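Enquirer: sequence first, predicted model second:
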Amino acid sequence: MVNQITLSNGLRVIAEPLPHLRSVSIGVWVRAGSILEKPEENGLSHFIEHLAFKGTARRSARQIAQEMDAVGGYLNAATSKLATTYYAKVIDEDLPLAADILADIVIHPAYDEREMNKERSVVLEEISMTDDSPEDVAYDLVATAMFGDQPLGRTILGPREIIESCSRQDILNYRARHYSPMNACVAVAGNFETEKLRDILEQHFGAWQGRAGELYPVNITNRNPAVLTADKDTEQAHICLGYSGRELGSQDVYAMAVFNSVLGGGMSSRLFQRIREESAMAYSVYSAPSAYPYCGDFTVYAAVSPKNVRTVVSQIDEEIAKLLNDGITEEEFKMAKAQLKGGFILGQESAYNRMNGMGSNLALLNRYIPTEETIRRIEAVTRQDAQRIAEETLRGPRSEAYVGKKIGKYVK
């Protein structure tokens, strides 16, 4: 049974005991992502995530790594456009240690100037690595095309010049606005006793104080749709087409998932079968929805030989036209729902996935979504629902991004 607890300082906790396991996954969600950054702060959410592992008042960076390695555990973090997550996976007896380390790096980072400058170089290398990944460049570029100068149009890593120039005080100021128990939550799944968990978390997180966080800003998808290109010395050309999607928490996200499965969400999808299996013009081709507060997007991606860019875009458009004109077939519809249901249920057999789902839902939607509710909502989607979402998505405005060597001459 899933339990929800509130600690003395207001920090929300959601926990699911799984006594048949010998492990525990625990994560801390902070509503601090690139969507909340001012233009001059772009990249600070991600930089702060990195700096958390560079030492605290009690532990050096080496001690953090050694303590987790000594028990065979796993410690990591991730920054998205909406939140930053710090998490650990350990055997059940080491839950107190995992909670201690997570609380330490989230609440008490040292921000030593020397360590900060060393990690600054690491983040700059990560930016360079992303610049060397044309698929990442294409996705960043289509976000700029869809959202322009709105927060969602900016990258998670931020521009080099901001990371190079930001000061310790800039980090402290940004952190003070977002890192607080009123703007965070903890999720736990695995083998533990709920009352002992409460005591452990109260011990390590209970003294954390801070003000409430900020509201997510409103972004509008494709307010001014654009076609953007980036010249990169690559063998392939990378295509990314962006449509408006559904906002976070919308009841339509389930119908959107069904429609996505039909169009480009798997190996049996129309785009995969047409462009990879029949035409053999791409190794990678797929579609995917993303949901944000007040808006969403739906993207189609393909990596192809430059000479095939126009042909593949035409094939994508042809498949879209067929879907809109002829509709989703009953066979496709049933297969898509079965795929979604099966994938979700299989994912629930992982303690980490259960922890991640609970934490994400509580942090971003302020509620727990039971497994049964998700299955019920997938099953409740009708073919008419999926077709309606397809119509509303694909008949709307479209932004486009193209990345490759001398790409401009291959784009219409």
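Expert: It's in.
Enquirer: can you name every helix or strand that whichever strand or helix holds Thr374 contacts?
Expert: Assigned by DSSP states H and E, Thr374 belongs to helix 371-380. In terms of contacts (3 or more C-beta pairs under 8 Å, 6 or more residues apart in numbering; DSSP states H and E), helix 371-380 is packed against helix 253-263, helix 330-347. All C-beta spots, glycine's among them, are computed from the backbone N, C-alpha and C.
Enquirer: how about those, which one is nearest His108?
Expert: Proximity of these to His108 was assessed by C-beta to C-beta; the nearest stretch is helix 330-347, lying at 33.4 Å.
Enquirer: what's the first helix or strand after the closest one?
Expert: Following helix 330-347 in sequence order, the next helix or strand is helix 351-365 (DSSP H and E).
Enquirer: and that following helix, what's buried?
Expert: For helix 351-365, burial by neighbour count (16 or more other C-beta atoms under 10 Å) applies to 351-352, 354-364.
Enquirer: what do you get for stretch 63-76?
Expert: Neighbour-count burial for stretch 63-76, with 16+ other C-beta under 10 Å as criterion, is recorded at Ile64, Glu67, Met68, Gly73, Leu75.
Enquirer: separation between Gly404 and Gln273?
Expert: Counting by C-beta to C-beta, to the nearest Å, the gap from Gly404 to Gln273 is 24 Å.
Enquirer: which parts of the helix holding Thr374 are buried?
Expert: Of the residues in helix 371-380, Thr374, Ile378 count as buried by neighbour count, 16+ other C-beta under 10 Å.
Enquirer: would you mind identifying the next helix or strand past it?
Expert: Beyond helix 371-380 toward the C-terminal end (DSSP H and E), the next one is helix 383-394.
Enquirer: same for that next one, what does it pack against?
Expert: Helix 383-394 is packed against strand 237-244, helix 253-263, helix 309-326, helix 330-347, with contacts defined by 3+ C-beta pairs under 8 Å, 6+ apart.
Enquirer: may I see those arranged in CSV, with distance to Tyr87 and mean pLDDT as well?
Expert: Conversion of the helices and strands packed on helix 383-394 to CSV gives the following (distance: least, C-beta to C-beta, whole Å; pLDDT from 0 to 100):
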stretch, distance to Tyr87, mean pLDDT
strand 237-244, 29, 98
helix 253-263, 24, 98
helix 309-326, 37, 97
helix 330-347, 16, 96
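Enquirer: rewinding a little: neighbour count: Gly404 and Gln273, which is higher?
Expert: For Gly404 against Gln273, the residue with the higher neighbour count under other C-beta atoms under 10 Å is Gly404, and the figures read 27 against 16.
Enquirer: for the more buried one, grab phi and psi.
Expert: Taking degrees, to the nearest 10, you get phi 160, psi 180 for the backbone angles of Gly404.
Enquirer: find the nearest non-adjacent residue to it, please.
Expert: Once its chain neighbours are removed from consideration, Gly404 has its nearest residue in Ala237; the separation is 3.5 Å (C-beta to C-beta, 6 or more residues apart in numbering).
Enquirer: for the one you found, give the beta-bridge partners.
Expert: Val304 (DSSP bridges).
Enquirer: check the one 4 residues further on too.
Expert: The residues paired with Leu241 through beta bridges, assigned by DSSP bridges, are Val300, Glu400.
Enquirer: about what we covered before: could I get the average pLDDT for the helix holding Thr374?
Expert: Averaging pLDDT along helix 371-380 gives 96.
Enquirer: and that helix with helix 330-347, angle?
Expert: Relative orientation of helix 371-380 and helix 330-347, computed by axes from the mean of the first three to the mean of the last three C-alpha atoms, to 10 degrees: 170 degrees.
Enquirer: ok and helix 371-380 relative to helix 253-263, angle-wise?
Expert: Relative orientation of helix 371-380 and helix 253-263, computed by the same axes, to 10 degrees: 60 degrees.
Enquirer: how far away from the center of its chain is helix 371-380?
Expert: 22 Å (C-alpha atoms, centre = their mean, to the nearest Å).
Enquirer: stretch 372-391 now?
Expert: Taking C-alpha atoms, centre = their mean, one finds stretch 372-391 lying 22 Å from the centre of the chain it belongs to.
Enquirer: can you check stretch 168-183 too?
Expert: Between the mean C-alpha position of stretch 168-183 and that of its chain there is a distance of 21 Å (C-alpha atoms, centre = their mean).
Enquirer: send me that stretch as CSV with only the CA atoms.
Expert: Output in CSV follows, covering the C-alpha atoms of stretch 168-183 (Å, rounded to 0.1, in the frame of the first residue of the first chain):
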residue,chain,number,x,y,z
ARG,A,168,29.1,31.3,-6.4
GLN,A,169,26.7,34.0,-5.4
ASP,A,170,24.6,33.4,-8.5
ILE,A,171,24.3,29.8,-7.5
LEU,A,172,23.3,30.6,-4.0
ASN,A,173,20.7,33.2,-5.1
TYR,A,174,19.1,30.7,-7.5
ARG,A,175,19.2,27.9,-5.0
ALA,A,176,17.6,30.1,-2.4
ARG,A,177,14.5,30.6,-4.7
HIS,A,178,13.9,26.9,-5.4
TYR,A,179,15.6,24.5,-2.8
SER,A,180,13.2,24.2,0.1
PRO,A,181,11.1,21.5,1.7
MET,A,182,7.9,23.3,0.5
ASN,A,183,9.2,23.0,-3.1
